[in-house]
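J.: can't give you the sequence, but here's the structure:
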């Protein structure tokens, strides 16, 4: 069972990525991870104008990993596994973190599709554009971080403190956690967030939806925020940023705002919102260009009326700032 920490290695950025097919062969795919084309140009300064960042958790390395024995570079095509909007409102000393369901149906350049698949079809710019169209909030910056980066950042923070609501045993991810407040290392935090089942007995397994996973991600985000507070926290945060750089792809303009954004958000009140969604039948079922193909009968989601109202209110506050 997972209970410790781990580390990972990274290399330089390449646009071409590889995807391992079910048969075990390797296929080269062209996925453009450039994020700049769809990002809205920032106005004003970080301290007087709102900024919106799209943060995406990718399920494969966004930078290649070198295998020195083979003298080659191997990566696999990243998919968007988790999405969050971070909206700063300096006039109110407030930061909103909005967790966006990845299975919400959106219109893309190739038709109606899940938001999480927009990275497959349109690359980084396509995902940014689809998210902005869904939320009606202009996105100024975007960040792609892979799972190895998540693990290393959590470890650099010294772990995160979370409240586990119930005893969790998932034999698929190898996670076992007791109920109650506890500190998780990087590997345990990732396994807990990604766990899809709770095995409550010898022959019983209870599936968990993406809503539960987003709630867990919310707990980890809050725990990471707490670990980054105070003078010691700033040192942890600086170390985490330095360590995670080899697992992150960002838009070019973020370099101009990054330091000031970190300075701003440390003094703001943080509010986390998990957008509610409900299942619908898709009007068009597309297949991902990356094998294995997704089943055409998979359910799609749409935002509830309450979630749409939450986004409208946030968009109004952001535009007023």
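T.: Thanks, I have the structure now. The structure displayed is predicted, hence computed values, not measured ones. Numbers count the residues shown, from 1 in each chain.

J.: so where's the stretch 1-150 of the chain uncertain?
T.: Counting by pLDDT under 70, the low-confidence segments of the stretch 1-150 of the chain come to 1-32, 64-77.

J.: The same query, at a cut-off of 50, please.
T.: The model of the stretch 1-150 of the chain has pLDDT under 50 over residues 1, 3-30, 66-75.

J.: List the neighbouring strands of the longest strand seen in the chain plus their orientation.
T.: Identified as the longest strand of the chain according to DSSP state E is strand 80-89. Strand pairing for strand 80-89, determined by DSSP bridges: strand 51-58 (antiparallel), strand 94-100 (antiparallel).

J.: Tell me the buried residues in it?
T.: Residues of strand 80-89 classed as buried: 80, 81, 82, 83, 84, 85, 86, 87, 88, 89 (neighbour count, 16 or more other C-beta atoms under 10 Å). Heads up, the C-betas are built off the backbone N, CA and C, glycines and all.

J.: So which of those residues is the closest to residue 173?
T.: residue 81 (13.4 Å; C-beta to C-beta).

J.: one step back: can you tell me which of the strands paired with strand 80-89 is packed in deepest?
T.: strand 51-58 (a mean of 24; mean count of other C-beta atoms under 10 Å).

J.: Give me the distance from it to the chain's centre.
T.: Centroid separation for strand 51-58 versus its chain: 7 Å, with C-alpha atoms, centre = their mean, to the nearest Å.

J.: Give me the contacts around it.
T.: Residues outside strand 51-58 that contact it (C-beta atoms under 8 Å, 6 or more residues apart in numbering) are 42, 78-88, 119, 127-128, 131, 137-147, 150, 254, 257, 261, 318.

J.: re the thing from before, just name the closest of the buried residues of strand 80-89 to residue 49, please.
T.: residue 88 (8.8 Å).

J.: Any figure for the gap between that closest one and residue 270?
T.: 10 Å (C-beta to C-beta, to the nearest Å).

J.: Save the strands paired with strand 80-89 as CSV, and put in distance to residue 35 too.
T.: Formatted as CSV, the strands paired with strand 80-89 follow (distance: least, C-beta to C-beta, whole Å):
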stretch, distance to residue 35
strand 51-58, 8
strand 94-100, 16
